[in-house]
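Q: fold the following for me, if possible:
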Amino acid sequence: MTTWVNLEDVNEVARRLEITPAATTTCDFPTAMRSYEPPEYASYWNDLESRPFMPTAEELEQYLIIMGRITGRFYDREWFASPGLLCALP
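A: Alright, predicted model coming up:
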């Protein structure tokens, strides 16, 4: 399992997650999302409608809803570009 967290003191983040600092990788959110396992996040999108040929605006809105649910915060260009830690959890 992996999780992406805002970058703080790497050692403090590792301590709270009960992992070694060596199990972390500094990266941006898009990079972190390429390493996720879908079942881990299924609860964030189970109640959203998915249908073939959904209008782009609706599909984008759903992706933004999911990202907000996962991260628990509003997002903007600064958030997308900000570094974080990708942590491999035991």
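
Q: and Glu49, helix, strand or coil?
A: coil (DSSP: H, G, I helix; E, B strand; the rest coil).

Q: kindly report the same for Tyr75.
A: Following three-state DSSP, Tyr75 is assigned to coil.

Q: quick one: residues contacting it.
A: Tyr75 is in contact with 64, 67-68, counting by Cβ atoms under 8 Å, 6 or more residues apart in numbering. Bear in mind the C-beta positions are built from the backbone N, C-alpha and C, glycine included.

Q: phi, psi of Thr24?
A: Dihedral pair for Thr24: phi -110, psi 150, per degrees, to the nearest 10.

Q: name the SS class of the nearest residue to it once chain neighbours are set aside, please.
A: Sequence neighbours aside, Leu85 is the residue nearest to Thr24 in space, at 4.5 Å (criterion: Cβ to Cβ, 6 or more residues apart in numbering). Classification of Leu85 using three-state DSSP returns strand.

Q: what count of nearby residues applies to Leu85?
A: 22 (other Cβ atoms under 10 Å).

Q: what's the answer for Asn46, then?
A: Around Asn46 there are 7 other residues, counting by other Cβ under 10 Å.

Q: quick check: phi and psi at it.
A: phi -60, psi -30.

Q: also Thr25?
A: According to degrees, to the nearest 10, Thr25 has phi -130, psi 130.

Q: so what's it closest to, chain neighbours aside?
A: Spatially, and ignoring its direct neighbours in sequence, Thr25 is nearest to Leu86 (4.5 Å; Cβ to Cβ, 6+ apart).

Q: again, but for Tyr44
A: Distance criterion Cβ to Cβ, 6+ apart; nearest residue to Tyr44, sequence neighbours excluded, is Arg69 at 4.5 Å.

Q: after the helix or strand that neighbour falls within comes which helix or strand?
A: According to DSSP states H and E, Arg69 maps onto helix 56-71. Remark: after helix 56-71, the chain's next helix or strand is helix 77-81, criterion DSSP H and E.
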